[in-house]
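1. need coordinates for the following:
(one chain, ligands or ions: 1)
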Amino acid sequence: MTPVLEVDGLAVDYENGVRALDGATLTVSAGETVGIVGESGSGKSTLGAAVGGLLPSSARITSGAVRVDGAEVHRLRPKALRALRRDRLGFVFQEPIGSLDPTMRVGKQVALALRGRGGDVLSHLDRVRLSDPARVARAYPHQLSGGMAQRVAIAMAMACEPEILVADEPTAALDAQIRDDVLDVIFSLAAAAGTTILWLSHDLPAVGKRCSRIAVMYGGRVVESGTAAGVFGAPRHPYTAALVAAVPGAAARGERLTSIPGQPPVLTGPADGCAFAPRCPDALDLCGSRPPLVVAGDREVLCHRATVAVGR
Ligand SMILES: Nc1ncnc2c1ncn2[C@@H]1O[C@H](COP(=O)(O)OP(=O)(O)OP(=O)(O)O)[C@@H](O)[C@H]1O
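-> Below is the predicted model:
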């Protein structure tokens, strides 16, 4: 079966010289819910944008590919790319206001998103648990709270029952007490539509609770992926282990809470070796060369230590 999404050795440079992705690889099957985590600057948003061919004009793909259902996104002609975004992909961003047109009433925008698909605006707004859909439909975006605007953005992103929903920090700008409710909306609509979720987040506990799979990014690469229980419960990459130990709450479970010493890299070209090596407590001489991908069961780890562990 063709995976719904393949990110294959993707490298992306911005015109300021920053290398945001440095050979990122990730394969996702239909219906999976994947949490993509990593510190700021690890390349999560660039990866999410690349999935929809939404990279800014200042970004250039220097190698690798992104394929949705086998079709290479960055080789699609404009018409085919628009059709892909309209019919098969949905996006939800941190700031919902960016996805809404400030000059148009909400109801009209939702009607446009639903065009040709059946379903009426009010029942669609009801599905994202807005308490007064009729009032929201009459409103302009600036008249909505952040939580209401995000629910509208979710309703629009899910209007086409997309194959893949990319949710880039969808709750980071919302009050803590409504975050769970908004995530419930996203995950229940996606489950009903069979939509694959890529959730880009800093919130490890939230991602661990809801996602079937985790991909950990560092220095523009996916350094570990596997089931949420496996990756967070028994990390094999030293960066994942450090990230897990740094989560507030680890201390509450009786573990020592430690911040990760040093800063994440800002790459200006391909990293020769493992980008985490300068911060890694377990670095080997070997780590100056590019680590191979070690696959063991459902776990994929980009680390020389993992190679040594499986006796390669
Ligand atoms: N438009 C841009 N122009 C130049 N550099 C960029 C641009 N967008 C991102 N970058 C740089 O690319 C690298 C990866 O950034 P990206 O936003 O993809 O990471 P991220 O993991 O999503 O970070 P965050 O969690 O802070 O959103 C960073 O060094 C960032 O500064």
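
2. ok, the closest residue to Val207 other than its chain neighbours to Leu5 distance?
-> Using CB to CB, 6 or more residues apart in numbering and skipping residues adjacent in sequence, the residue nearest Val207 is Gly35, 3.3 Å away. For every residue, glycine as well, the C-beta is placed using N, CA and C. From Gly35 across to Leu5, the span is 14 Å (CB to CB, to the nearest Å).

3. show me what contacts the closest residue to the ligand within the stretch 201-312 of the chain?
-> For the stretch 201-312 of the chain and the ligand, the shortest gap (CB to the nearest ligand atom) falls at Val266, measuring 4.7 Å. Listed by CB atoms under 8 Å, 6 or more residues apart in numbering, the contact partners of Val266 are 18, 41.

4. pLDDT on the strand or helix carrying the residue nearest to Val207, on average?
-> Gly35 belongs to strand 33-37 when assigned by DSSP states H and E. For strand 33-37, mean pLDDT is 98.

5. so what are the sheet partners of it and their directions?
-> strand 196-201 (parallel), strand 213-218 (parallel) (DSSP bridges).

6. including mean pLDDT, could the ones you listed go into JSON lines?
-> Output for the strands paired with strand 33-37, formatted as JSON lines (pLDDT from 0 to 100):
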{"stretch": "strand 196-201", "mean pLDDT": "97"}
{"stretch": "strand 213-218", "mean pLDDT": "98"}
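
7. one step back: can you list contacts of the very next helix or strand once past the strand holding Gly35?
-> Under the assignment DSSP H and E, the closest C-terminal helix or strand after strand 33-37 is helix 44-51. Residues outside helix 44-51 that contact it (CB under 8 Å, 6+ apart) are 5, 7, 10, 12, 20-21, 24, 26, 36-38, 55-56, 59, 61, 66, 68, 73-74, 89, 91, 164, 166, 168, 198, 200, 217, 220.

8. just the ones of those residues in strands?
-> 5, 7, 10, 12, 20-21, 24, 26, 36-37, 59, 61, 66, 68, 89, 91, 164, 166, 168, 198, 200, 217 (DSSP state E).

9. that older thread, and the strand holding Gly35 with the ligand, contact?
-> No: using CB under 6 Å from any ligand atom, we find that strand 33-37 stays clear of the ligand, coming within 8.5 Å at best.

10. so how far is that strand off the chain centroid?
-> 6 Å (CA atoms, centre = their mean, to the nearest Å).

11. convert that strand to PDB, retaining C-alpha atoms only.
-> Provided in PDB are the C-alpha atoms of strand 33-37 (Å, rounded to 0.1, in the frame of the first residue of the first chain):
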ATOM      1  CA  THR A  33      -1.900  10.400  14.100                       C
ATOM      2  CA  VAL A  34       1.700  11.600  14.200                       C
ATOM      3  CA  GLY A  35       3.100  14.100  16.700                       C
ATOM      4  CA  ILE A  36       6.100  15.900  15.400                       C
ATOM      5  CA  VAL A  37       8.200  17.300  18.300                       C
END
